[in-house]
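J.: here is a sequence together with a model predicted from it:
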Amino acid sequence: MRRLCVCVAMLAAAAVLSFADGPVADIDAYRDPDALARLIASGEPPHVLVDVRTPEEFADGHIPTAVNIPVSEIGEHPPTGDKGALIIVYCASGGRSARSKARLESLGYTRVVDFGGIFRWTGETVTAGTE
């Protein structure tokens, strides 16, 4: 039993040390609207918030700090060249954000979070001209 505990502790330490930017599992916390709001407010860790809806939908209201890259363009115009960057994608209902996450991961991005639909956002939204 003691040997098992030592092995588990060693594996846990190795897992934490293998991720310079923190454990990958932690990024899933940003699917929570409150956690995303805290991330936006603090700016830490560095991240890119991407609205993958159409420019018209984006102009009608989006989450503060988001950039607009429509799902149809995300593969050709990814939000950053840093494949280890924290990227959070969202859309109207979750379908386009899921496709965007899969596309970015197929391009080698390793820290992509699918927030889902903007309807889950509990904070204020901004519209074109109010930023």
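T.: That came through, no problem. Treat the numbers as computed from the prediction; the structure is a model and nothing was measured. Numbering: from 1, shown residues only.

J.: tell me which element residue 105 is part of?
T.: If you go by DSSP states H and E, residue 105 is part of helix 95-106.

J.: how far off centre is that helix?
T.: Taking C-alpha atoms, centre = their mean, to the nearest Å, one finds helix 95-106 lying 11 Å from the centre of the chain it belongs to.

J.: for that helix, list every residue counted as buried.
T.: Neighbour counts using 16 or more other C-beta atoms under 10 Å place 96, 97, 98, 99, 100, 101, 103, 104 of helix 95-106 among the buried residues. Placement of C-beta: from N, CA and C, glycine included.

J.: and the angle from whatever helix or strand comes next after that helix to helix 95-106?
T.: Remark: after helix 95-106, the chain's next helix or strand is strand 112-117, criterion DSSP H and E. For strand 112-117 against helix 95-106, the angle by axes from the mean of the first three to the mean of the last three C-alpha atoms, to 10 degrees is 180 degrees.

J.: residues in contact with strand 112-117?
T.: With C-beta atoms under 8 Å, 6 or more residues apart in numbering as the test, strand 112-117 has contacts from 27-28, 30-31, 36, 86-94, 97-98, 100-101, 104-105, 121.

J.: quick check: mean pLDDT of that strand?
T.: For strand 112-117, mean pLDDT is 98.

J.: parallel or antiparallel, which strands does it pair with?
T.: Paired neighbours of strand 112-117 in the sheet (DSSP bridges): strand 86-91 (parallel).
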